[in-house]
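1. no sequence on hand, only this structure:
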């Protein structure tokens, strides 16, 4: 798979803007190489329905302006449908937890929530903001419109708010701990590999060390 194809796959999977630095990290290449891959992708997409949207150091896949009427009709169709079980489940997580990342939502639900969140964003029920602690990722939170629809003046008025929020917070904390442990294990494994390679290179073939 070519570099531009890999970048396209990353953007499609994420379904949101990704920084040039993040792409370079994922693909284990330099930002300069990532930039060249993006330019190739832009040129290749010129004859298709998709395009690359750039904002500062962030890029994302989007439909071409010419497709606006078609997309508008699809949005209207989606808005006329019921949220469904998956939508209500995801909406409840955002409501009770608030300021939660998609990764954390995926962990709680056990499935990818990308398209469900897109649907909720289109409906104006949730909004996406940049994480102040890490500008490379986004957080989701309920909108004022959603609170108006629910007839509450504050999220704390939701049924069993404290109990449900505590349970969700515990799950998110568990996910963070598992990720930290995994990262530590990967670091330790790489360290051991480097150590073993170094010892192998510095030890003579006869094994005497002389």
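-> Received it, and whenever you're ready, just let me know what you need. The model shown is predicted, which means the values in this text are computed figures rather than measured ones.

2. residue ranges of the helices in the protein, please?
-> Shown for the chain, the helices assigned by DSSP state H span residues 3-14, 20-27, 31-45, 68-79, 84-97, 102-109, 114-122, 144-150, 161-202.

3. export those to a markdown table and append columns for distance to residue 131, mean neighbour count and mean pLDDT.
-> Any C-beta I mention is one placed from the backbone N, CA and C, and that applies to glycine too. Written out in a markdown table, the entries for the helices of the chain read as follows (distance: least, CB to CB, whole Å; neighbours: other CB atoms under 10 Å; pLDDT from 0 to 100):
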| stretch | distance to residue 131 | mean neighbour count | mean pLDDT |
| --- | --- | --- | --- |
| helix 3-14 | 15 | 17 | 92 |
| helix 20-27 | 13 | 17 | 92 |
| helix 31-45 | 21 | 16 | 93 |
| helix 68-79 | 27 | 11 | 68 |
| helix 84-97 | 14 | 18 | 89 |
| helix 102-109 | 11 | 18 | 92 |
| helix 114-122 | 15 | 18 | 88 |
| helix 144-150 | 20 | 13 | 78 |
| helix 161-202 | 13 | 11 | 72 |
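
4. looking at those, which is nearest to residue 56?
-> Closest approach to residue 56 among the helices of the chain is made by helix 20-27 (9.6 Å; CB to CB).

5. before we move on, back to that, for the helices of the chain, which one sits closest to residue 60?
-> Checking the helices of the chain against residue 60 by CB to CB gives helix 3-14 as the closest, at 6.0 Å.
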